[in-house]
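J.: Sequence and predicted structure below; questions after.
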Amino acid sequence: MSQIVETKPAPVARTTNANFIVPAVNIHQNGDGYTLEVEMPGVPKGGVEVTFEDGKLTLVGRRTNAGDREGLVHRESPEADYRRVFDLDPSIDSSRIDATIEQGLLTVRLPKAESAKPRRITVG
């Protein structure tokens with residue numbers, strides 16, 4: 001059975017000693033693979049990094065408040081970095097992983113390799 005397993009995220013130190021925020025994720029399975037919906041509010045398209053290496057899918061989002069300072073009276077949304085890491089089943093075709101972000105929702109499509117998909121065998 002194919003599955004996606006989360007690698008337990010350890011806090012990662014940055015130069016500011018801040019830790020990553022672990023974003024909420026919904027995982028959907030369909031016949032073609034999986035879809036991950038990752039909540040990263042305030043993260044623009046240029047602030048997202050999706051990498052796949054050694055069977056691990058790493059999702060990173062950076063929310064900055066740069067350019068938002070003029071006229072600012074009060075702020076409750078700090079700059080933040082999001083991070084989640086998943087171990088992927090070998091049946092995922094890593095060359096076809098696709099990601100988009102819209103209104104703070106990162107959608108990652110993880111298609112199964114053709115050889116891993118069920119197929120009908122004709123009996124002769």
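T.: Sure, I can see it.

J.: now V85: how far from I121?
T.: Distance, V85 to I121, by CB to CB, to the nearest Å: 37 Å. Every C-beta, even on glycine, is put in place using the N, C-alpha and C of the backbone.

J.: between these two, which one's more packed in?
T.: V85 (18 against 5; other CB atoms under 10 Å).

J.: quick check: mean pLDDT across the host helix or strand of that one?
T.: Per DSSP states H and E: V85 is located in strand 80-88. Mean pLDDT, computed over strand 80-88, is 93.

J.: pull the CA atoms of it into CSV?
T.: Extracted in CSV, the C-alpha atoms of strand 80-88 (Å, rounded to 0.1, in the frame of the first residue of the first chain):
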residue,chain,number,x,y,z
ALA,A,80,7.6,33.4,9.9
ASP,A,81,9.1,30.4,8.2
TYR,A,82,7.0,27.3,7.6
ARG,A,83,8.5,23.8,7.2
ARG,A,84,7.2,20.2,6.8
VAL,A,85,9.1,17.1,5.6
PHE,A,86,7.5,13.9,4.4
ASP,A,87,9.0,10.5,3.5
LEU,A,88,7.5,9.5,0.2
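
J.: Now do the buried residues in that strand.
T.: For strand 80-88, the neighbour count (16 or more other CB atoms under 10 Å) marks 80-86, 88 as buried.

J.: Are there helices or strands packed against it, and which ones?
T.: strand 4-7, strand 33-39, strand 56-63 (3 or more CB pairs under 8 Å, 6 or more residues apart in numbering; DSSP states H and E).

J.: after the first one, next one along is what?
T.: Right, strand 4-7. In N-to-C order, the element after strand 4-7 by DSSP H and E is strand 25-30.

J.: quick one, that next one and strand 56-63 angle?
T.: Going by axes from the mean of the first three to the mean of the last three CA atoms, to 10 degrees, strand 25-30 is angled at 130 degrees with respect to strand 56-63.

J.: partner strands of strand 25-30, parallel or antiparallel?
T.: strand 33-39 (antiparallel) (DSSP bridges).

J.: Pull the residues that contact the strand it pairs with.
T.: 2, 4, 23-28, 59, 61, 82, 84, 86, 92-93, 104-112 (CB atoms under 8 Å, 6 or more residues apart in numbering).
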